[in-house]
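Visitor: Sequence first, predicted model second:
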Amino acid sequence: LEPNILQRIMDVTSVLQRAVFMGLLNDHMDVTDFLMDQANVVSRINPTILGTERKYLNFVSKGAAVKTNDFSTFPYLDSQDKTAVIVDNMNYLRRKDEDVIYAVTIWIIADFDKAAGRQLLSNALKHMKTSSNARLGVIHNPTAVVTEDNTAVSRAVLAAFLTQ
């Protein structure tokens, strides 16, 4: 693995050196943007990860009314209060039964009744086996109208989290 990484770094270094020499890249340009504009780079990027504008979730509620367990008012809350309600009511899967501060919190937001959502959850659970400093929270985000017939897997996932 290391020789492959070293080879890729050497390949990119020569491309960057050539771009600087030709005047296509200078001190006032973002190297990431330059590389992403190249013809051999897939243009489908996640703007949340590589975007220049920083977006943060504010986990602090503005009002005291969101501390209640009455979820009938949830659709009427603004995004900051909705986030605070979700954080306050999230159940986490932990590797140990200790009260520690976890360095990493993983939220899986997916439709667990679909194969892609189950695969995402499976990958997160595999990661949890090897990580002692992470906790996992799940949010079921259905892609279809929720009925009793089409939510068997997601209800099983929720039951597993509630009974751990």
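Guide: Alright, I've got the coordinates.
Visitor: Can you name the residues bridging to the residue nearest the centre of the chain?
Guide: Among the residues of the chain, the one closest to the centroid is W107, at 6.2 Å (Cα atoms, centre = their mean). Bridge pairing for W107 (DSSP bridges) gives the partners G137.
Visitor: Next one, pLDDT for it please.
Guide: You'll see W107 listed with a pLDDT of 88.
Visitor: Who are the packing partners of the longest helix seen in the chain?
Guide: Counting by DSSP state H, the longest helix found in the chain is helix 2-21. Packing contacts for helix 2-21, counted by 3 or more Cβ pairs under 8 Å, 6 or more residues apart in numbering; DSSP states H and E, involve helix 31-36. For the C-beta atoms, the positions are set from N, CA and C on the backbone; glycine is no exception.
Visitor: 7 Å instead, please
Guide: With contacts taken as 3 or more Cβ pairs under 7 Å, 6 or more residues apart in numbering; DSSP states H and E, helix 2-21 sits against no other helix or strand.
Visitor: can you list contacts of that helix?
Guide: Contact with helix 2-21 is made by L25, F34, as judged by Cβ atoms under 7 Å, 6 or more residues apart in numbering.
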